[in-house]
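A.B. asks: Need coordinates for the below:
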Amino acid sequence: MPGRVIDMTAETRTSAPGASDPGPSPTDAPPGAAGVSIEGRITRVNGPLVEVEGIGDPSIGDVIEVGPDRLAGEIVSIRERRVMAQVYEYTGGLKVGDAVLTTGRPLSARLGPGLLGGLFDGLLRPLDEAGDLLVASRRTTAATPRTWAFTPSVVAGQTVSAGDLLGWVNETAGLRHPILVPPGVGGIVANVSPAADCSATDVVAMVGDVPVALANSWSIRRPRPFAERLSEAAPLITGQRILDLLFPLARGSTAAVPGGFGTGKTILLQQIAKWCDADVIVYVGCGERGNELADTLEELRALVDPRTGRPLMERTVIIANTSNMPVMAREVSVYTGVAVAEYYRDLGYDTVVIADSTSRWAEALREFASRQGALPVEEGYPAELASNLAAFYERAGRVRTLAGSEASVTIIGAVSPPGGDRTEPVTSHTRRFVRTCWSLDRDLAAARRYPAIGWRDSFARDSILLDGWYTTHGAPDWARCRARAMELLSNADRLASVAELVGAGALPDRERVVLLAADLLRDAVLVQSAVSPNDAFCGVDKQAALLDGVLRIYDRCLALIAGGVPATLIEEVDISEFARASDEVGPNDAEAVRRIADSMLERLGAVAP
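C.D. replies: Down below sits the predicted model:
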């Protein structure tokens with residue numbers, strides 16, 4: 001129902017959602033401070049699992065602070081008077097009898113200006129550049145206080161509701177950051193700050209009796225509400241031809257990238273992060289190698305955003321929980337990433353969450369479930385694996401926000417099946433819940449044909465929805481060309497096995513042309529260099545011109561065969577220039593591609609029977 005606020009989660013034991021509450025801090029508040037009290041003692045420590053007794057009124061999801069260093073944890077189970085909690089930091093040094101502080105609040109993240117361009121851990125605490133990625137440190141670097149010039153857009157006495165604009169700051173040179181009335185808040189503006197420099201915790205308005213700061217806390221496991229979910233589809237342009245042409249992804253949809261070690265999974269995700277046409281990128285490094293993520297960070301900082309001419313990092317948030325960091329912070333990092341994405345969605349921006357990889361997240365779930373003594377199911381994973389994956393991907397969507405704008409959260413999750421086994425639980429469950437699957441093929445990777453996406457095991461359920469979008473946006477032949485390309489690849493795969501047995505020369509002429517055209521399609525369209533300045537990104541018009549050129553050459557070859565020209569003469573024509581066009585012409589130079597295709601057709605036209 002249009003205009004109806006949708007919030008699909010249960011109420012939590014917090015103050016008004018989005019109120020100016022800095023949220024739980026594991027290091028700031030001393031024992032006995034407001035919201036924090038000594039209520040329990042440790043009775044058992046088993047890695048990240050801590051058992052506590054003496055907490056009077058615990059609730060699932062409450063944040064606790066454990067031991068003399070006030071390590072952050074979260075209550076996950078309650079058995080009579082015993083509480084089990086997962087701790088998000090290294091638990092070495094904890095002992096039985098150490099004090100446990102309770103906050104009575106769910107695990108929350110402070111969302112507001114200052115996130116873009118930043119590097120954070122799984123709890124959204126700032127990291128010290130790339131250094132903290134390579135050292136398994138319990139502490140993170142304290143953030144340097146920042147201020148932004150706040151410009152109000154309301155006056156005292158004005159009535160506002162959730163999603164209404166209170167003012168704005170310029171978070172980066174290329175992105176204006178609206179300051180909105182948080183979800184669950186509304187009423188008369190009692191007062192509003194004049195134009196001034198404000199920090200993230202400064203209160204800029206009083207709405208009723210609720211103070212609203214530039215940054216406000218939100219429970220990361222709780223989806224943010226929106227007005228309605230939109231059914232109209234629009235593509236997320238990635239600049240990668242095989243994705244945009246054959247396996248497209250809609251804005252607000254979900255995609256999985258399953259692939260074994262060495263198949264180019266991380267490079268493909270980095271390419272999407274660099275070149276897709278989203279407004280904000282949230283890159284979650286979940287359990288991957290620290291040096292690999294540090295390299296990604298340096299590459300992103302060196303890139304220039306083609307839309308603004310500014311560094312690409314100015315619209316990117318990196319959340320890092322690498323393999324050398326505490327394992328349970330890996331479990332929470334994906335929720336932190338999607339909470340950040342939903343926040344920028346509510347500001348009216350199209351956001352993309354890239355989680356690399358969800359398999360490491362699932363491994364963290366398995367490790368903790370084992371320590372709890374939970375009954376294992378498939379390959380030792382907990383019984384709730386499928387529901388956790390479904391709930392994570394369900395937070396994607398293209399919606400109308402409370403402010404009335406159209407925005408989206410798109411989720412792309414990498415999957416790292418052990419030994420490349422696509423039947424293992426994480427891969428098989430993920431394929432059930434996502435709309436698009438870009439399945440990486442080890443044979444293509446071994447042949448150095450990147451992106452190594454296998455068209456046999458990949459799918460795009462959004463393609464039918466996107467047919468209508470392309471038709472209304474000047475590309476009525478998009479669906480027909482895509483269908484022909486998929487048919488050509490399918491026929492070539494079928495003939496390749498026969499050609500291996502009897503030799504390509506023994507095939508009928510028409511079948512030999514199919515193999516020739518499929519090779520041209522793979523070389524000119526599907527293979528793409530991530531390091532070429534002309535080919536790392538491919539504009540939509542150039543993509544269409546390359547695919548159209550292959551199909552025109554294919555049709556001319558079929559016409560020659562029908563006219564009596566033997567396949568041997570067609571195979572002697574040098575059409576390799578068209579295969580090199582993707583790398584030799586500019587990323588948006590569709591006209592140059594068409595000229596090269598025309599010259600190839602002239603060469604074929606000169607062939608006589």
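
A.B. asks: what's in contact with the helix or strand where residue 257 lies?
C.D. replies: Using DSSP states H and E, residue 257 maps to strand 254-258. Here strand 254-258 makes contact (CB atoms under 8 Å, 6 or more residues apart in numbering) with 249, 265, 268-269, 358, 393, 396, 410-417, 422, 427, 430-431, 433-440. In short, each C-beta sits where N, CA and C put it, glycine included.

A.B. asks: again with stretch 301-318
C.D. replies: Contacts for stretch 301-318 (CB under 8 Å, 6+ apart): 115-120, 172-175, 273-274, 279-283, 285, 293, 296-297, 300, 337, 340, 537.

A.B. asks: to the chain's geometric centre, what's the distance from it?
C.D. replies: 17 Å (CA atoms, centre = their mean, to the nearest Å).

A.B. asks: Quick check, pLDDT for residue 420.
C.D. replies: On pLDDT, residue 420 comes in at 83.

A.B. asks: next one: residue 254
C.D. replies: 98.

A.B. asks: Any idea what it is bridged to?
C.D. replies: Per DSSP bridges, the residues bridged to residue 254 are residue 411.

A.B. asks: do you know how far it is from residue 360?
C.D. replies: 18 Å (CB to CB, to the nearest Å).

A.B. asks: go on, residue 486?
C.D. replies: 32 Å.

A.B. asks: Which of those two has more residues huddled nearby?
C.D. replies: More neighbours surround residue 360 than the other of residue 486 and residue 360, with 25 against 15 (other CB atoms under 10 Å).

A.B. asks: Quick check: that one touching residue 287?
C.D. replies: Yes: Residue 360 is within contact range of residue 287, at 2.5 Å (criterion: CB atoms under 8 Å).

A.B. asks: quick one: common contacting residues for those two?
C.D. replies: 323, 330.

A.B. asks: So what's the residue count around residue 481?
C.D. replies: 17.

A.B. asks: For the lowest-mean-pLDDT helix or strand in the chain, which residues meet the burial criterion?
C.D. replies: Among the helical and strand segments of the chain, the one scoring lowest on mean pLDDT, DSSP states H and E is helix 290-302, with a mean of 79. For helix 290-302, burial by neighbour count (16 or more other CB atoms under 10 Å) applies to 290, 292-294, 296-297, 300.

A.B. asks: swap in stretch 56-73?
C.D. replies: Buried, per 16+ other CB under 10 Å, within stretch 56-73: 58, 61-67, 69-73.

A.B. asks: now the strands for the stretch 51-200 of the chain?
C.D. replies: 62-66, 71-79, 82-87, 99-106, 108-111, 119-120, 147-152, 159-160, 165-172, 175-180, 187-192, 196-199 (DSSP state E, counting those that start in this stretch).

A.B. asks: who's in contact with residue 549?
C.D. replies: 524, 578, 581, 593-594, 596-597, 600.

A.B. asks: If any of the contacts of strand 254-258 are buried, give me the PyMOL selection for them.
C.D. replies: Buried residues within the contacts of strand 254-258, by 16+ other CB under 10 Å, are selected in PyMOL with:
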select buried, resi 249+265+268+269+358+393+396+410+411+412+413+414+415+416+417+427+430+431+433+434+435+436+437+438+439+440
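
A.B. asks: So which of the contacts of strand 254-258 sit within strands?
C.D. replies: Judged by DSSP state E, these include 410-415, 436-437 as members of strands.

A.B. asks: Among these, which pair sits farthest apart?
C.D. replies: Farthest-apart pair in the ones in strands among the contacts of strand 254-258 is 410 and 415; separation 16.6 Å (CB to CB).

A.B. asks: Give me the phi and psi angles of residue 354.
C.D. replies: Torsion angles at residue 354 (phi, psi; degrees, to the nearest 10) stand at phi -110, psi 110.
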